[in-house]
Each structure stands twice: as structure tokens, then as C-alpha cells.
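**Student:** What follows is a predicted protein model with its sequence.
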Amino acid sequence: MKSFERETEMTMRRFPKHATPVLILAAILASGAPPGGAPAAQTSRLNLLLITVDTLRADRLGCYGSRLVSTPAIDGLAARGVLFTRAFSQASTTLPAHTTILLGTAPPHHGVHDNSNFVVRPEMLTLAEHLKAAGYATGAFIGAFPLDARFGLDQGFDVYDDRLDRGEDRPGEGGERRAEAVWTSARTWLERQKGPWFLWVHFWDPHDPYAAPEPFLSRYADRPYDGEVAYTDSVVGRLRRHLADKGLDKRTCVVLTGDHGESMGEHGERTHGFLAYNTTIRIPLVISSPGLEGRRVANNVSHMDIFPTLCDILGLRRPEGLQGISLLSSMKGGRLPSRPIYFESLSPYYNMGWAPIQGSIRESEKFIDSPLPELYDLESDFNETRNLADSRALSRSRETLRDLVGRLSSGGADRSAQAPDRQTLERLRSLGYVANVPSAARKKFGPEDDVKTLLPHHNRAMTGLDLFKEGKPREAEEALREVISAGKAVSTAYINLAFIYRSQGRMEDSAAVLRSGLEALPETYALYSQYLTALYTAGRFEDAVRLFEDGRMRQADLDPVIWNFAGLAHWKMGNDAKAGEYFERSLALDRKFAVPHCNLGNLRYFSFRKSQDPEELRAAVSSYRKALALDPAYGAAHLGLGVALFVGGDTDASIPSLESALKHDPGLHEALYFLGLNHLRRGEREKACGYFIRHSQTPAFDLLSPAERSRVAEIIAECRKTPGP
């Protein structure tokens with residue numbers, strides 16, 4: 001019933017409110033999914049397996065001519081299926097590429113251009129919704145956070161397994177899980193299916209940082225990316241063997257593709273997401289289906305073509321609005337019509353304020369539009385080493401691209417934009433993405449704003465951070481000062497240098513660097529937010545409040561982290577009421593943000609210390625518990641709760657809270673003091689003495705009042721004179 005209600009809701013969203021029930025019912029019937037049941041012919045339908053491998057270069061697969069990596073599973077799939085030698089992604093990052101695959105429309109239409117600032121709109125029809133309406137069970141199993149359900153690609157899936165916190169992630173990583181864990185979950189779902197099914201598995205592993213499990217780690221010790229590819233292929237092999245063992249391979253269409261590639265340093269790009277050369281937008285595409293012979297297709301094709309192709313293979317109607325073409329005729333030996341293929345790379349535009357990159361591929365000509373335009377003949381120069389833009393007029397190429405974008409665009413594309421929340425930004429950054437709240441949009445760009453101009457300086461700034469992590473602070477500072485002195489619009493250099501100074505305890509220097517960065521790049525929100533944070537950390541509370549309240553950055557109104565820091569600054573200045581107001585505002589923006597809950601607990605606890613009002617103490621305990629419900633490993637909240645419970649007389653509950661504080665953050669030495677007091681209250685002097693001795697050996701001991709220090713010293717002396725039982 002729940003899945004039917006969901007499908008009915010999604011169907012209703014796509015029809016005008018004034019549509020009559022008869023028309024709506026007719027549309028549902030035409031989709032092949034009568035209310036209350038699947039089509040009668042469902043038992044003869046092919047199943048569909050979609051495998052997307054993140055960051056997979058086609059030229060690392062044996063079926064594409066590679067001799068670097070052993071990929072027998074994917075090669076075997078290609079041998080029995082159709083391999084497209086010139087397949088292209090429409091985007092160089094994960095979410096927009098997968099959105100194009102599952103919607104069959106280009107980024108100018110669906111409006112998803114980056115991982116952090118967009119969401120798939122509910123009214124958009126996904127491949128999963130279309131197949132579900134035709135009677136398919138639908139399941140998706142995701143390998144990393146950029147495809148979390150919050151971004152909207154869960155539409156139409158009965159099961160959308162994006163759980164990445166079950167102990168199966170890579171050690172030290174919080175936003176991904178290995179291919180093996182993805183397949184284990186998917187297999188459990190698959191074994192329960194009785195009728196036709198659509199299964200999507202997303203393998204993240206070839207994504208940076210590269211850390212394949214053994215034996216692939218050792219086997220490819222000098223080529224870690226290739227080790228990840230080989231490992232992923234081994235899991236694809238397990239998946240294929242399962243299908244064969246269950247007899248499912250004879251009635252399952254399998255599609256394998258990458259979302260984008262990886263530059264590996266080519267064209268000056270370390271990984272992906274900045275430029276749009278074939279290193280990142282060329283992708284593997286293999287389609288294997290019963291009844292189709294193996295062959296190779298040399299036509300230019302794209303992600304947009306997968307949806308309509310699958311409709312034809314599975315015998316389903318093609319929904320209106322798809323922008324790709326069916327590739328089935330070419331899979332049977334026919335020819336495809338010539339048409340331009342659109343692509344873009346807009347992450348630097350949205351996250352760093354650099355010039356946008358858009359382009360088109362038609363026949364052998366590839367045009368990259370930017371302040372420093374590029375034109376390549378892919379027939380003779382597929383690796384894009386000879387820019388022909390200076391020797392050919394570009395008016396026709398620009399007109400082709402302009403017309404293409406116009407045809408692909410939709411009036412509602414801008415509704416896909418959304419302000420990223422705090423957790424989204426934190427998790428994307430943990431995966432290595434440059435993810436920021438967008439700065440004010442710019443319209444005009446010059447050569448100085450071109451990604452090709454700025455990327456070498458960004459790379460140098462990242463090298464500076466690497467040097468610091470390698471224990472070379474002087475070389476790191478020199479590298480970052482070099483970038484800053486070049487006067488380029490590279491906020492990364494200021495941010496990384498400020499981080500180094502903060503790590504060294506040079507808080508004023510950190511704030512000064514960020515101030516100069518904000519003066520040089522006044523519209524960059526990342527510099528603004530970090531500068532305000534640095535002012536607070538340096539103890540310049542009035543300056544932090546003044547910066548926040550001058551209203552220069554409207555994005556700050558929607559940033560719970562900045563409201564929290566502004567609240568802390570007010571509290572340090574003695575403005576308790578304003579601090580509480582700001583903490584509440586932070587929570588209104590993000591109810592899952594544990595830090596302001598803890599800060600409200602601290603504020604209420606100290607208010608109790610002044611007033612002795614028991615309601616304030618109860619409110620403090622409540623706030624600490626809310627923080628811990630959101631983040632059970634939050635040491636400071638455990639400490640606050642333990643202290644509040646002790647003061648309230650609940651010794652039995654206080655002790656485990658204080659022990660948890662030390663477990664999650666051994667540096668919270670104050671917990672030792674209160675553990676000593678708790679055990680002293682219970683008459684357990686020996687235990688109390690042990691905690692007091694440990695506390696007296698930490699810097700926190702000096703923070704006690706003279707009377708408290710004297711009392712602790714007396715207790716320790718008495719314990720040492722009195723032998724234990």
C-alpha cells in the first residue's frame with residue numbers, strides 16, 4: 001500500500017490540478033501500471049541491471065584496449081554485449097551525471113549542475129518511476145554520499161539503500177562504502193524478487209583517495225587508481241556470477257557505465273570536476289541484453305541516450321520529454337543520426353566563482369566555450385593536445401552551442417537550485433570535494449577567470465597543504481604565499497594558509513590571512529565564514545559580531561554554523577539573551593546540528609549557576625540530551641550533561657556521562673575532577689583519589705579556584721597517608 005500511495009502521489013504531481021479523474025486514470029493505464037496490480041505480461045519482461053562505476057576511465061578497461069589493468073569481468077560483459085567506443089558524460093561530477101542517466105535529460109533541462117547546490121525536482125520523471133509504473137520492483141544501492149536520497153534520485157525506488165554508517169566503510173571515511181558492501185546489500189534485495197526488477201548498483205571505489213583492499217593494493221602498489229579499478233571489476237565479477245548461478249543472465253539486460261572519468265594529472269587536473277577534457281567526460285558504456293549480438297559502435301553517444309534505449313530494449317513506451325535518442329538501431333548494426341552532444345563543468349563556477357565551462361561535440365569537432373575557448377579535432381587528436389581555436393573562426397561553434405543549450409533548457413531548471421545544508425557541505429568536503437555555499441553569481445568573465453588560468457594556482461595551493469601534512473611547514477607557507485602574491489582569484493590559498501596558522505596556534509595570523517583574502521575576493525562566502533570563525537577563535541568577539549551584523553553576506557542568514565559562532569561571540573561578551581537567540585536561530589535552520597544544542601545547554605547551566613533556578617538546570621540537561629541524540633560521540637555534550645547531573649544530585653547518572661566524555665575526547669580533563677567529586681559523594685574515596693590525582697597532572701587543574709585546588713590537594717594527601725582496605 002505504501003509504494004502504491006507513493007506512486008499515486010508522484011503521478012498526481014505531474015498532472016495539472018484541474019485534470020479530471022478520468023484523464024488521470026487514463027494516463028496511469030497508458031503507463032502500463034493499472035491501479036492495484038502490475039501488467040499481466042510481467043513474467044516475460046526482461047530484468048534490468050544498471051551498474052555505475054564512479055570515476056571510471058574507459059581506457060583502464062581491457063575491452064577499451066588497456067593493458068594496464070586486469071578487468072576480466074567487465075571485458076566479459078563487453079564481449080557478449082555492445083560496447084560504445086565514444087560515449088560521453090554531460091557533466092564531470094557525480095550527481096549531475098547520474099541525474100542525466102536516470103532522467104534522460106541534459107543539465108540545462110533538469111537543472112542539476114553540481115554535487116552540493118542542487119536537488120532533483122519531484123516533478124521530474126525518473127527511470128525508476130517509469131519502470132515501477134510498468135510493474136517492476138525497483139532497488140538502488142549506493143556507494144557514496146553524493147547520491148544520498150536527500151538529492152532526489154530516490155524517486156521511484158522501492159528501496160534506496162544509501163546507508164553508509166554500518167561499519168563497512170573504508171577506515172577513516174564517513175561518506176562511502178566499498179563495492180563489496182554495496183553488492184552484499186543489493187544481493188539480499190535481489191534474492192527476494194519474484195517478478196521483473198530494476199536494480200541499480202553504484203560503485204564508488206575508483207574515486208580519490210585510492211585505497212583498494214588486498215590483494216589489489218599490493219598488486220598495483222605504484223598505480224593505486226588502477227588497483228581500485230581492478231578491485232571494482234572483481235566485484236562486478238561476483239555480481240555476474242550470481243546472475244549466472246540463478247539463471248538470471250538469460251533474462252536480464254545489463255548496462256555498465258561510468259559517471260565521469262579521472263584526469264590523473266593530464267591537462268594539469270589532478271582528479272576531476274574542474275575541466276571538461278576527454279579524460280573526465282569520456283566514459284565507458286556497455287549494454288548487454290538477451291537477443292542482441294556483441295559488437296562495437298563508434299558513433300558519439302551520451303548518458304542522455306540510456307533511458308530511451310532501455311525503453312526500446314524492454315518493450316516500454318518512451319515517456320515524453322526525453323532528450324536523448326534510442327541507440328537500439330546501432331546495437332543491431334544500423335546508423336545513428338548526427339547530432340551535437342552537450343557537456344559542462346560548472347563546479348568551479350558555483351563553488352569558487354570561476355568562469356563556467358560548457359561545450360558541444362559534433363562528429364569529430366569538440367568545442368569548449370570559456371574565456372579562453374578551445375576547439376579540437378577528435379578524429380586526429382582525441383587526447384586534445386592541439387587547440388585549433390586560434391586558427392579557425394568560432395562563430396559557428398558558438399552558434400551551435402547556443403542553439404543546443406536553448407533546445408535543451410527548460411523553464412523550471414532554476415528550481416533545482418538549493419542552498420546546501422551544513423551536513424551536506426561537511427560530508428562532501430570529507431570526500432575531497434570543493435563544496436561551498438555559493439557566492440553571488442557573476443555574469444562577466446575574462447581570461448583571468450578561466451579555469452585553465454586558475455587551476456595551476458589552485459593545485460599549488462593544494463600542494464602547500466600537502467607539504468604541511470608531510471611535516472614541512474616552511475615549504476608549505478612559501479608555496480601558499482607564492483599563490484597569494486600572484487594575485488589570482490584562488491580562495492584555496494588563503495583558506496589553506498589560515499588552516500596552517502590555526503594548527504600552529506597562530507590565531508591572529510590566521511585571521512589576518514583570511515581578512516586579506518576577503519579584501520581580495522569580497523564576494524567569496526567561504527572566506528567570509530572562515531574569517532568570522534577565525535575572529536572568534538582569536539578572542540576578537542566584538543569584531544566577529546560586527547562582521548556578522550554588517551549584513552554584507554546574505555548567505556549568512558541561512559548558515560547555521562555562522563549563527564552559532566555569532567551566538568558564542570555574544571555569550572563571551574556577556575550578552576546571554578542575544579546568545580540564546582542566535583543559538584535558537586541556528587537550530588531553526590538545522591535541527592540536526594548538535595553543537596548549538598550543546599551551547600544552549602552550557603548557556604542554561606551557567607544561568608542556573610547565577611540564579612539557582614532549577615528550571616534552568618532542567619533546561620540545560622534537556623539541551624545536552626538533544627545534542628547527544630544527534631551525535632552520541634559528542635564528548636563536550638557528555639561532559640556538560642555529566643556536570644549538570646552531578647550538580648542536580650544524580651550521581652548514578654552523572655558518572656557514565658563523564659566516563660563517556662573521556663572515552664570520546666580524552667582531552668576533556670575537567671571530567672576527571674567531577675568523576676572524583678561523584679565518587680567522593682558516594683563514599684568511594686579511593687576511586688575519587690585516583691581521579692583527583694589524574695586531574696592534578698593536567699592543565700585543567702590550574703583552572704580550579706585556589707580553594708578547590710587546596711581541597712583536592714588535601715584529599716590526595718589523605719588518600720596517600722591512608723592505606724587501602
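**Tutor:** Arrived safely, thanks for sending.
**Student:** Only C-alpha atoms from now on, for both contacts and neighbour counts.
**Tutor:** Fine.
**Student:** separation between Ser302 and Arg60?
**Tutor:** As judged by Cα to Cα, to the nearest Å, Ser302 and Arg60 stand 19 Å apart.
**Student:** Of those two, give the one with the bigger neighbour count.
**Tutor:** Ser302 (27 against 20; other Cα atoms under 10 Å).
**Student:** Beta-bridge partners for the more buried one, please?
**Tutor:** When bridges are called by DSSP bridges, Ser302 pairs up with Phe88.
**Student:** so it sits right up against Thr85, yeah?
**Tutor:** No - between Ser302 and Thr85 there is no contact under Cα atoms under 8 Å: 10.9 Å.
**Student:** in this protein, which ranges drop under the pLDDT threshold?
**Tutor:** Scanning the chain for pLDDT under 70 picks out 1-43, 165-174, 413, 416-441, 721-725.
**Student:** pull the CA atoms of the longest helix belonging to it into CSV?
**Tutor:** Longest helix in the chain, counting residues (DSSP state H): helix 224-245. Taking C-alpha atoms only, helix 224-245 is exported to CSV below (Å, rounded to 0.1, in the frame of the first residue of the first chain):
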residue,chain,number,x,y,z
PRO,A,224,46.6,2.9,-6.8
TYR,A,225,43.8,4.1,-9.1
ASP,A,226,44.3,1.0,-11.3
GLY,A,227,44.1,-1.1,-8.1
GLU,A,228,40.7,0.4,-7.4
VAL,A,229,39.5,-0.4,-10.9
ALA,A,230,40.7,-4.0,-10.7
TYR,A,231,39.0,-4.4,-7.3
THR,A,232,35.7,-3.0,-8.6
ASP,A,233,35.9,-5.3,-11.6
SER,A,234,36.3,-8.3,-9.2
VAL,A,235,33.0,-7.3,-7.5
VAL,A,236,31.3,-6.9,-10.9
GLY,A,237,32.5,-10.5,-11.5
ARG,A,238,30.8,-11.7,-8.3
LEU,A,239,27.6,-9.9,-9.4
ARG,A,240,27.7,-11.6,-12.9
ARG,A,241,28.4,-15.0,-11.4
HIS,A,242,25.4,-14.6,-9.1
LEU,A,243,23.2,-13.8,-12.1
ALA,A,244,24.5,-16.8,-14.0
ASP,A,245,24.1,-19.2,-11.0
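**Student:** Off-centre distance for that helix?
**Tutor:** 24 Å (Cα atoms, centre = their mean, to the nearest Å).
**Student:** continuing past it, what's the next helix or strand?
**Tutor:** strand 252-258 (DSSP states H and E).
**Student:** what comes into contact with that next one?
**Tutor:** With Cα atoms under 8 Å, 6 or more residues apart in numbering as the test, strand 252-258 has contacts from 46-57, 283-290.
**Student:** What strands flank that strand, and is each parallel or antiparallel?
**Tutor:** In the sheet, strand 252-258 lines up with strand 47-53 (parallel), strand 285-288 (antiparallel) (DSSP bridges).
**Student:** now those strands in JSON lines, with distance to Asn678 and mean neighbour count?
**Tutor:** Listed next are those as JSON lines, based on distance: least, Cα to Cα, whole Å; neighbours: other Cα atoms under 10 Å:
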{"stretch": "strand 47-53", "distance to Asn678": "55", "mean neighbour count": "22"}
{"stretch": "strand 285-288", "distance to Asn678": "65", "mean neighbour count": "24"}
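**Student:** Now tabulate those in JSON lines and tack on distance to His457.
**Tutor:** Output for those, formatted as JSON lines (distance: least, Cα to Cα, whole Å):
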{"stretch": "strand 47-53", "distance to His457": "30"}
{"stretch": "strand 285-288", "distance to His457": "34"}
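**Student:** that older thread, hey, what's the angle from the longest helix of the chain to strand 252-258? Just curious.
**Tutor:** Comparing the axes of helix 224-245 and strand 252-258 via axes from the mean of the first three to the mean of the last three Cα atoms, to 10 degrees yields an angle of 180 degrees.
**Student:** ranges for the helices of the stretch 451-600 of the chain?
**Tutor:** Using DSSP state H, counting those that start in this stretch, the helices assigned to the stretch 451-600 of the chain run over residues 451-469, 473-485, 491-503, 507-520, 525-537, 541-549, 560-572, 576-589, 594-611.
**Student:** The stretch 151-300 of the chain now?
**Tutor:** With DSSP H, counting those that start in this stretch as the criterion, the stretch 151-300 of the chain has helices spanning 179-190, 216-219, 224-245, 278-281.
**Student:** Give me the residues contacting stretch 201-209.
**Tutor:** By Cα under 8 Å, 6+ apart, the residues outside stretch 201-209 that reach it are 49-56, 140-144, 176-179, 182-183, 186, 212, 225-226, 228-229, 232, 271, 431-432.
**Student:** how about 7 Å then?
**Tutor:** 50-56, 140-144, 178-179, 225, 228-229, 232 (Cα atoms under 7 Å, 6 or more residues apart in numbering).
**Student:** cool, and stretch 75-89?
**Tutor:** Residues outside stretch 75-89 that contact it (Cα under 7 Å, 6+ apart): 62-63, 97, 259-260, 281-289, 293-303, 331, 343.
**Student:** Go again with 6 Å.
**Tutor:** 63, 281-283, 285-288, 294-298, 300-303 (Cα atoms under 6 Å, 6 or more residues apart in numbering).
**Student:** Just the buried residues from the residues you listed, in PyMOL please.
**Tutor:** Those of these that count as buried under 16 or more other Cα atoms under 10 Å are selected in PyMOL with:
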select buried, resi 63+281+282+283+285+286+287+288+294+295+296+297+300+301+302+303
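**Student:** Next up, phi/psi of Ile357, please.
**Tutor:** Here is the backbone geometry of Ile357 (degrees, to the nearest 10): phi -120, psi 120.
**Student:** about what we covered before: tell me which of the strands paired with strand 252-258 sits nearest to Leu587.
**Tutor:** Nearest of the strands paired with strand 252-258 to Leu587, taken as Cα to Cα: strand 47-53 at 36.8 Å.
**Student:** any idea of the angle the closest one forms with helix 179-190?
**Tutor:** With the same axes, to 10 degrees defining the directions, strand 47-53 sits at 160 degrees from helix 179-190.
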